[in-house]
Every structure is written in C-alpha cells, then in structure tokens.
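Chemist: Sequence plus predicted model, see below.
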Amino acid sequence: MPSLIEKLLPTPSDYSPDQKSFLRKNIRMHLGDGSFYVLGFSFVSVQTIFPIFIKELGGNSIAIGSVQILWLLGMNIPAALVAQHLHRRTLFKSEMVKWGFVHRFMLFVSGVLAFVVIGRVSSDISVILFLLLLLLMAVFGSTAGLPWFQVFTKTVPITLRGRLLGIRQLLGSGAGAVGGIMVAIILGTVTFPLNFAILFFAAFFFMMISLKYLSKVNERPSEIKETEQYHRSIIAKAKNIIRTDKNFRLFLWVDAFAIMSISASSFYSVYAIEKFSLPVSFAGTFTAIVMVTNVVANIAFGIIGDSYGHRVNLLALAFASAMASLFAIVSPNIFMYGFVFFFLACLTQIQSISRLSFIAEMCEENDRPAYIGIINTITAPTVCAGLLFGWLVPKIGYISIFSITALLAMCSFVILMKFVAEPRNKVTVRRA
C-alpha cells in the first residue's frame, strides 16, 4: 500500500523499476535535508531573530537594515563565479556537501563568539563582527546552493519539484513552530548574550542533521552537450543569454523590484517591538507565526507551482510583499500586526519554492548554472535599497519606508502579469 509521501509525490508512470528505486530514496533524503534545515534556521531567522539580535548588540537602524541586505547579497553575488566553476562538471554532490558544511559551521562560530566576545569588546565591534559572520554564512550558503540546485533538479522530475519543496518546508515549519516557542522561552529566561549563543548552537545542531541526509542523495553524471557556447566564458554566455532571451530579460526587472520590496523586512520585528513596547522574547512568537504559516503555505504553493506554473506563485509573492508592508502601516495592535509575519512567511516560502524553479523552466539543464548566476548577480545588488531604507528611517520613519516597499512590490506584480510569459507555454515565449 503506497505511503502518504508516495501519494503526494508519485513516481512518474514512465519510470523503470530501477529509476523508481533511485527516485524514492532521493525524495526521502531531500525531505530529511529540507525539514531539518528549516527547523534549524527557525532558531536564527533572518526575518525575525537576527535583526533583534543586532538591536540588542547596540546596532542602529542602518545596521538592522543591513541584516537583510547582507544576507541577500551573500546568497546571490557569488553565483556567477560558482556557475563558471560548475558549468563543465558532470557531478555536483561533493561541492554541495563541502560548502554546505562550511555554511553551517558559521553558526557554530557565531555561538562561540556570542558566548566569548559579547561584553568584552565594544558594541560597535560586536555589531560589525556578527554582521560579517552573517555575510559569510550567506556567501558559503550561496556557494553550496548552486550545486545543490543542480543535484535537486537532476534527481527530482519537474512535476514533483514544487510539491517536494513544499512538503519539506512544511515538515520543517511544523517543527519550527515548536522551535519558535522554544526561542521565546530561551530569550525570556536566559540572560543576554547566552540566550542567543544557545540559539546559534541549536541551529547548528539541526542543520548538521540536514547535511547528513543531503550527503546520502544519489547523483548520476550529467551529459555535457558539446556546443560552441561551452567553449566561451560564463560572461560571454551571460551576455548572449541576456541579448537573445527576451522573457528572461523582462523577468530580471520583476526579480529586482521584488528583492527591493523585501529588503526592508528586517525592520518588521524591530518596529513591532518598539511600536507596541514588547519584550525581546516576542521574537519567538513572531517566528512561531512564520512557521505555522509555512505549514499551510508550502503545501499550497507547492501544488500551485506544479499544477499551474511558478509564474502564478511569483505573482502571489509580489502581492504578499505588498500586503506585509500595508499591514505594518495600518495595524493598530499586535494581533493585527501578526498578519505582517503571515504575509512575510508566504513571500519567503514562495521565493524558496518558485524563484529558481521558474528560472529552471526557462532554460535547458546545461544552461541552468549560467541563468541562475546571471539573475543572482544582476538583481542581488538591488537589495542595497535596504541600506538606503536604514539611513532614511530616522529621517522619514518606518511608515514611509513601508509605503515605498509596497509600491515596489506592486511594480513587480504588474510587470510579471503584463509582460512575462509562462515558460511552460513554449509557444508564447518570444525571443528578441
């Protein structure tokens, strides 16, 4: 009798028994990896926990705004260099595991330094140190991320990718909701900075379990197509893609506006703490809201992405980003403000499910590293808008900043709706 996972993620009918066994094992490993990764990251959430940690260290609004900036820059800028390194490889697992470990090890280093350094050096040095560690964590995560995405797309058929990403996020988020309660207890009962050191160590522990699962994924060698393009540099290839692929070129604008719209999300939790005079431990409650939302959002948007295309999901992402900003503006109490984190969770998880999946459908397998490298490298710098927002907060206030981000989100929505074609409808995708 098929298990629930087999019903939710059925093996394609054209798979041989050997291919089925290969796929079923990889699905289990991907589920274990994603579930424990999401659980671990709930203890140090970039959206709800890390900004408050920087505030507790003594960071100003620019430092707080830098959290989201450094994270997105670190997760995106290295992509082009990684793509150049990977574009002629046939196996990606070793790179994925090696850099995945370094990415996670930054959490252990953060925990040790939180225990040893804070209180012994000036607050300015502490803020810079932990922002640097956050950047390094993101850079190594990006370095591991592109080979991971290659392994994922090679080992999971296109009709299952959205649902698989959704289910693994759901499992991790279900556990992460309990993690959010644990965060609230730790922050409320353990003195600073030991409370945050414990959070870093907990994140490292669970994310190392995820790496154990990831290391057991079975990967088969890719076939390299001997075309002229592969004898050119990744830069030359990128120029050719941007020049010839009109649909992808338009999507770069969509992605840039979307990233700018979420670049101020580091302010949501800090603004709530200040506006409603809440204790720092409320960060755990915010995390719990995010994780509970993920339980529903990931399955829903995973199914939508597989069934109707990831373009629909990305439209929902832009809408959710606008709504998060609007609820931050109009909420008269902390209960209504909770919808900010509801929409923040939706947009964050849609991004994890559909952003790269949408790009993967725009191109052939051998072109994916180049496409992903292009979009991550070109649009990532737009997150620096968050640095401008941090500088403007003392001058124009949070409300004005949230109004700007809502407008940016709607620009992303309109361009995607009006001008970007669904890549699954190949006849509608025009080349310029």
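Modeler: Sure thing, it's come through.

Chemist: who touches residue 5 in this structure?
Modeler: Contacts for residue 5 were tallied using CB atoms under 8 Å, 6 or more residues apart in numbering; they are 27, 28, 31, 167. In short, each C-beta sits where N, CA and C put it, glycine included.

Chemist: Which positions in the helix or strand encompassing residue 33 come out as buried?
Modeler: Following DSSP states H and E, one finds residue 33 within helix 17-41. The neighbour-count check on helix 17-41 (16 or more other CB atoms under 10 Å) flags 22-24, 26-27, 29-41 as buried.

Chemist: Could I get the contacts of residue 5 in TSV, plus columns for pLDDT and distance to residue 214?
Modeler: Below are the contacts of residue 5 laid out as TSV (pLDDT from 0 to 100; distance: CB to CB, whole Å):
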residue	pLDDT	distance to residue 214
27	86	13
28	87	12
31	89	11
167	79	16
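
Chemist: Farthest pair within those?
Modeler: 28 and 167 (11.3 Å; CB to CB).

Chemist: Give me the residue ranges of this protein where confidence is low.
Modeler: Applying pLDDT under 70 to the chain flags residues 1-2, 77-90, 222-235, 365-366, 380, 426-432.

Chemist: Spatially central residue in it, please.
Modeler: With distances taken as CA atoms, centre = their mean, residue 352 lies nearest the centre of the chain, 5.0 Å away.

Chemist: Is it in contact with residue 165, as I believe?
Modeler: Yes - counting by CB atoms under 8 Å, residue 352 does reach residue 165; the two are 6.6 Å apart.

Chemist: So for stretch 95-106, what gets flagged as buried?
Modeler: Quick answer for stretch 95-106 (16+ other CB under 10 Å): 95, 96, 97, 99, 100, 101, 103, 104, 105, 106.

Chemist: wait, which of the residues you listed is closest to residue 312?
Modeler: residue 96 (29.2 Å).

Chemist: how about that closest one, what does it touch?
Modeler: Residue 96 neighbours (CB under 8 Å, 6+ apart): 144, 147, 148, 151, 214.

Chemist: With distance to residue 319 and secondary structure added, can I get those in JSON lines?
Modeler: Output for those, formatted as JSON lines (distance: CB to CB, whole Å; DSSP: H, G, I helix; E, B strand; the rest coil):
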{"residue": "144", "distance to residue 319": "31", "secondary structure": "helix"}
{"residue": "147", "distance to residue 319": "32", "secondary structure": "helix"}
{"residue": "148", "distance to residue 319": "28", "secondary structure": "helix"}
{"residue": "151", "distance to residue 319": "32", "secondary structure": "helix"}
{"residue": "214", "distance to residue 319": "33", "secondary structure": "helix"}
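
Chemist: Got a ChimeraX select line for the buried ones in these?
Modeler: Applying 16+ other CB under 10 Å to these leaves a buried subset, and the ChimeraX line that selects it is:
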select :144,147,148,151,214
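
Chemist: Make sure residue 423 is indeed in a helix.
Modeler: No - membership of residue 423 in a helix is not supported by DSSP: H, G, I helix; E, B strand; the rest coil, which gives coil.

Chemist: quick one, phi psi at it?
Modeler: phi -70, psi -20 (degrees, to the nearest 10).

Chemist: List the contacts of the closest residue to it other than its chain neighbours.
Modeler: Leaving aside its sequence neighbours, residue 423 sits nearest to residue 361 (CB to CB, 6 or more residues apart in numbering; 4.3 Å). Residues near residue 361 by CB under 8 Å, 6+ apart: 158, 309, 310, 423, 424.

Chemist: contacting residues for the closest residue to the last one other than its chain neighbours?
Modeler: To tie it back to what came earlier, the one meant is residue 424. Leaving aside its sequence neighbours, residue 424 sits nearest to residue 309 (CB to CB, 6+ apart; 5.2 Å). Contact analysis of residue 309 by CB under 8 Å, 6+ apart lists 358, 361, 422, 423, 424.

Chemist: what's the neighbour count on the fourth one?
Modeler: The criterion is other CB atoms under 10 Å. On that basis, residue 423 has 20 neighbouring residues.

Chemist: Likewise for the last one?
Modeler: Using other CB under 10 Å as the criterion, residue 424 is surrounded by 14 other residues.

Chemist: Residue 376 contacts residue 141, doesn't it?
Modeler: No - assessed by CB under 8 Å, residue 376 is found out of contact with residue 141, at 11.9 Å.

Chemist: how about the contacts of residue 96 in TSV, adding distance to residue 198?
Modeler: Shown next, in TSV, are these (distance: CB to CB, whole Å):
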residue	distance to residue 198
144	25
147	31
148	28
151	32
214	25
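
Chemist: out of the contacts of residue 96, which one sits closest to residue 177?
Modeler: residue 214 (23.1 Å).

Chemist: And the closest one, how close does it get to residue 99?
Modeler: 11 Å (CB to CB, to the nearest Å).
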